[in-house]
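**Q** just to be clear, the model below is a prediction. Sequence and coordinates:
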Amino acid sequence: MTLTTLSQMSSALFPIDPSGTDRHGEAARMRALGPVVRAVLPGGVRMWVVTDYALLAELAADPRVGRDWRNWEALRRGEIPDDWPLLGMIRLNNMMARDGAEHRRLRRPLTRTFTRSRVEAMAPRIDGIVAALLDDLPRRAAADGTVDLRRHYAYPFPMQVICELIGIPEAWWSRLRELINTVIRTDTTAEQFLATGQERHELFERLFAMRRAEPADDLTSALLALNEDAEDAFTSEELEDTLWTLIGAGHETSISLIVNATRALLTHPEQLAMVREGGPALWSQVIEETLRWDSPVGNFPARFPTEDITVAGVTIARGDAILAPWSGVNRDPKQYGESAGRFDITRPATRHLAFGTGPHVCIGPGLARAEAMAALPALFARYPELRLAVDPSELSPVPSLFSNSVTGLPVHLGPEKH
């Protein structure tokens, strides 16, 4: 393909489906157009999409391409309205939206507090939450005997873990989940988006006041304590946005990982049989293959070049927005071969981009893997006759550019009755 042809193809606007109805099909169609595609998001907002695994990994590590939304020329020109709902994923004041020294300043306190040892210390508590939720599942059955595993297992588990880790009062958990939904869903109205920002600000102001008055063994207290003595301390807004992102990313991706892995095994019985025969060691392969084959994050906005760059012969101008299709590139045949679209836990160990890469790589993959390793083997051991209650085609995707999963996972816990 000539560079001219590629540029012409990339100049056509590819409409991203905000409902995520056919995310992997959409990713394949964009790949067919070329490694760099010009796309349009809800509200007519334009972004580039890099569909090639190796190119996207390279781009994410390129120091000329950052996450600071202040470099977004369309925003600076006033072309993106302040009430555009997807701004909630972009216009943040934390490490996710800073580069260079500022990114390191905001990331450093998290690496000192959100540690591996803190996650490992939660292992008994994590196991206890899993056991309690599994015990409770039969009581959650609807009149037809079905249980929604997303609603009653995959959702409350990581939400409780991250909220306890951060120090969020239990009475707030349900409302926080509703607020996060308004950010990740593309059917959120402008009014809902603005109201969410105000309400979550009020909640965090209350949380900071509580933890200053009565510190506890949680991340909020630890970060506030670090902040008191730091010369380069967080501002109140930076701390709020940091914890908001930790709550959102710290439970939403785990929900999707648990749901997607369960769905994959229930729709691939030969793989599930392999796991049952192969023992506990195979569960880590289930998790890694799910992270690759059906990554929890579909698309992530956005990155912005600080100078004109050329990617696969296409010039992306300084300040243009670039969307990262993590779930799409994790099925790139150029990276994984012709079997890229197949769920296969025997696939040789290979890297994936489910947690991103480069300086802005996700800070919590250890927690996500620990939660999945606690939730999945226990679920299938407790309910060995677990099966889907509907045809897989009836499962509805989460209406989100970001979250790659389904809105519900109805199952039967016991054997089929005749």
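**A** Now that the structure is in, tell me what you want to look at.
**Q** mind listing the helices for the stretch 301-418 of the chain?
**A** Secondary structure of the stretch 301-418 of the chain by DSSP state H, counting those that start in this stretch: the helices cover 326-329, 333-336, 365-382.
**Q** what segments of the stretch 251-400 of the chain are strands?
**A** Using DSSP state E, counting those that start in this stretch, the strands of the stretch 251-400 of the chain run over 300-305, 309-311, 314-316, 322-324, 387-388.
**Q** contacts for the last one next, please.
**A** By that I understand strand 387-388. With contacts defined as CB atoms under 8 Å, 6 or more residues apart in numbering, strand 387-388 is touched by 263, 266-267, 409-412, 416. Where C-beta positions appear, they are placed from N, C-alpha and C, glycine not excepted.
**Q** please look at residue 57 and residue 357 and confirm they touch.
**A** Yes - using CB atoms under 8 Å, residue 57 is in contact with residue 357, at 5.3 Å.
**Q** I'd like to know how far the closest residue to residue 347 other than its chain neighbours sits from residue 258.
**A** Excluding the flanking residues, the one nearest residue 347 by CB to CB, 6 or more residues apart in numbering is residue 289, at 6.0 Å. Using CB to CB, to the nearest Å, residue 289 is found at 14 Å from residue 258.
**Q** more neighbours, the two?
**A** residue 258 (29 against 21; other CB atoms under 10 Å).
**Q** if we can go back for a sec, so which of the strands of the stretch 251-400 of the chain is nearest residue 124?
**A** strand 387-388 (30.7 Å; CB to CB).
**Q** now do the closest one: distance to the chain's middle.
**A** Distance of strand 387-388 from the chain centroid (CA atoms, centre = their mean, to the nearest Å) equals 25 Å.
**Q** what pLDDT, on average, does whichever strand or helix holds residue 161 get?
**A** Here residue 161 sits within helix 156-166, counting by DSSP states H and E. In this model, helix 156-166 has a mean pLDDT of 94.
**Q** and stretch 332-351, by the same measure?
**A** The average pLDDT for stretch 332-351 rounds to 94.
**Q** pull out the buried positions in stretch 96-114.
**A** 96-99, 103, 105-107, 109-110, 113-114 (16 or more other CB atoms under 10 Å).
**Q** tell me the one of those nearest residue 391?
**A** Top of the list for closeness to residue 391, among the buried residues of stretch 96-114 and by CB to CB, is residue 96 at 38.0 Å.
**Q** are we agreed that the closest one is in a strand?
**A** No - read with DSSP: H, G, I helix; E, B strand; the rest coil, residue 96 is helix and lies in no strand.
**Q** tell me which residues touch it, please.
**A** With the criterion set at CB under 8 Å, 6+ apart, residue 96 makes contact with 67, 245, 360.
**Q** for the strands of the stretch 251-400 of the chain, which one sits closest to residue 370?
**A** Of those, nearest to residue 370 by CB to CB is strand 300-305, at 22.3 Å.
**Q** show me what that closest one is packed against.
**A** strand 65-66, strand 322-324 (3 or more CB pairs under 8 Å, 6 or more residues apart in numbering; DSSP states H and E).
**Q** note down every partner strand of the shortest one and its orientation.
**A** Put plainly, it is strand 65-66. strand 300-305 (antiparallel) (DSSP bridges).
**Q** got it, and the longest one?
**A** Strand 322-324 sits in its sheet next to strand 45-50 (parallel), strand 300-305 (antiparallel), going by DSSP bridges.
**Q** buried residues in stretch 117-132, which are they?
**A** 118-119, 122, 126, 129-130.
**Q** show only the entries of the residues you listed found in helices.
**A** Of the buried residues of stretch 117-132, the ones assigned to helices by DSSP state H are 118-119, 126, 129-130.
**Q** which of the residues you listed lies closest to residue 36?
**A** Residue 36 has its nearest neighbour among those in residue 119, at 37.3 Å by CB to CB.
**Q** verify the contact between the closest one and residue 370 for me.
**A** Yes - with contact defined as CB under 8 Å, residue 119 reaches residue 370; the gap is 5.9 Å.
**Q** low-scoring stretches of the chain, by residue?
**A** Counting by pLDDT under 70, the chain shows low-confidence ranges at 1-11, 416-418.
**Q** redo that, cut-off 50
**A** Scanning the chain for pLDDT under 50 picks out 1-10, 418.
**Q** for it, what's the longest helix?
**A** Max-length helix for the chain by DSSP H is helix 236-266.
**Q** just the angle between it and helix 365-382, please?
**A** Here the directions of helix 236-266 and helix 365-382 differ by 30 degrees (axes from the mean of the first three to the mean of the last three CA atoms, to 10 degrees).
**Q** quick check: buried residues in helix 236-266?
**A** For helix 236-266, burial by neighbour count (16+ other CB under 10 Å) applies to 238-266.
**Q** and what of stretch 211-226?
**A** 211, 218-224, 226.
**Q** same question, stretch 192-203
**A** Neighbour-count burial for stretch 192-203 [16+ other CB under 10 Å]: 192-193, 196-197, 200, 203.
**Q** show me the contacts for residue 332.
**A** If you count contacts by CB under 8 Å, 6+ apart, residue 332 has them with 31, 51-53, 340.
**Q** now, among the residues you listed, which is nearest to residue 170?
**A** Taking CB to CB as the measure, residue 170 sits nearest to residue 53 out of those, at 41.1 Å.
**Q** so the closest one sits against residue 351, correct?
**A** No - with contact defined as CB under 8 Å, residue 53 does not count as touching residue 351 (9.3 Å).
**Q** need the strands paired with strand 322-324 in a markdown table (columns: distance to residue 142).
**A** Shown next, in a markdown table, are those (distance: least, CB to CB, whole Å):
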| stretch | distance to residue 142 |
| --- | --- |
| strand 45-50 | 40 |
| strand 300-305 | 34 |
